[in-house]
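>>> dropping a prediction and its sequence here:
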Amino acid sequence: MTLSPHFDDAPAAGEARRAGRQGLGVALATSAYGISFGALAVTAGLDVWQTCVLSLVMFTGGSQFAFVGVIGAGGLAAAPAAIASAALLGVRNAAYGMRMSPVIGGAFWKRAAASQFTIDESTAVSLAQTTRHARLVGFWVTGLAIYVGWNISTLAGALLGDVLGDPKAYGLDAAAAAAFLALLWPRLRRRQAIAVGVAAAVVATALTPVLMPGLPVLIAAVVAIVVGWFNWLGDAGTPPDEPVDVAEREGMP
C-alpha cells in the first residue's frame, strides 16, 4: 500500500515547524543584547540615528560591540582601529556564507539578500536541521527575526542611553564586555576555542596599557588567525554532512 503525499510530507513539515520555533527562541534571546549596544553606542559618542544605521547596515553583534568599545575608549582618533577590529570579527560571516550557499541556492539576488542575515545564530539553527527545507526555514526565520528584534532593541537602548547620560553612573561602561562575553561564551566548547580566547585575552590585557585603543584588539586577533590557520589544538574531523536533498543537487555521493 502506498502512503498519500500528505503523510509522506508530515515529518518534513514537522521539522520545518520545529526549525521555525527554534529560530524564534534564539531571536528572542539574542535581540535583547541590542539594548546594551544601543545604550553603549550613544554614550560612546554616536547619536541615536548613527547607532540605528550601524545596526541596520553592519548587523553583526560582535563587530558592533568591538566598534563602539574602541570608539568609546579612544574617541574619533581610534576610528581606523575600530573599523579594522569590526572588520576582522566580521570575516567569519564570509565563511558562514560559503557554508550556507548550497543551502540557500537559487539566483544570485537570493544569495545576495541572504548575506545580510548570515550570522552566527541563523547559520547554527539552519545547519542543526536535517532537510534542506527545514534548513531554509531555520535560516530565514532566525535571521529575519533577529534583524527586526535587534534593530528595535538598538533603538530602545539608544534612546535609553541618551536619557541616562554618563554610562559609569549606571555601570553601562561594563555592559559591552559583559554582552560580548555572553555572545562568545556558547562558542567556547572545544579546546582550540578556549585556548584562543585565553591567549587573545592575555595579549590584549598586556598591551592595553602601552598601545592606543583598538590596537591591542587587532594584535590579539592575530593570535586567533595564526591558531586557526595552522589548526593548533583543533580537531582534524570532517565537516557536517549535507542533508540528502542538498547532496543530491550537488551531485555528491
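Happy to help now that I have it. This structure is a prediction, so every number in the text was calculated from the model and none was measured.
>>> need the contact list for Gly23.
When contacts are counted by Cβ atoms under 8 Å, 6 or more residues apart in numbering, Gly23 touches 122, 125, 137-142, 145. Yep, even glycine has a C-beta here, placed from its N, CA and C like the rest.
>>> among those, which are in strands?
Judged by DSSP state E, those include no members of strands.
>>> now do the helix or strand harbouring Ala195: which elements does it pack against?
Following DSSP states H and E, one finds Ala195 within helix 191-207. Packing partners of helix 191-207 (3 or more Cβ pairs under 8 Å, 6 or more residues apart in numbering; DSSP states H and E): helix 215-230.
>>> switch to 10 Å and redo it
helix 175-184, helix 215-230 (3 or more Cβ pairs under 10 Å, 6 or more residues apart in numbering; DSSP states H and E).
>>> run the angle between that helix and helix 215-230 for me.
Here helix 191-207 runs at an angle of 150 degrees relative to helix 215-230 (axes from the mean of the first three to the mean of the last three Cα atoms, to 10 degrees).
>>> counting neighbours, what do you get for the closest residue to Leu207 other than its chain neighbours?
Sequence neighbours aside, Pro216 is the residue nearest to Leu207 in space, at 4.0 Å (criterion: Cβ to Cβ, 6 or more residues apart in numbering). Neighbourhood size, Pro216 [other Cβ atoms under 10 Å]: 22.
>>> Ile152 now?
16.
>>> residues contacting it?
31, 34-35, 38, 52, 55 (Cβ atoms under 10 Å, 6 or more residues apart in numbering).
>>> and the residues you listed, which two are the farthest apart?
The most widely separated members of those, counting by Cβ to Cβ, are Ser31 and Cys52 (14.3 Å).
>>> beyond the helix or strand harbouring Gln50, next helix or strand please.
Gln50 is part of helix 48-57, with elements assigned from DSSP H and E. Following helix 48-57 in sequence order, the next helix or strand is helix 61-74 (DSSP H and E).
>>> returning to what we had before: rank the helices and strands packed on helix 191-207 by mean pLDDT and give me the bottom one.
The weakest mean pLDDT among those belongs to helix 175-184, with a mean of 60.
>>> hang on, Ala221 packs against Ala204?
Yes - with contacts counted by Cβ atoms under 10 Å, Ala221 reaches Ala204, the gap being 9.2 Å.
>>> those two: who's more crowded?
Ala221 (21 against 18).
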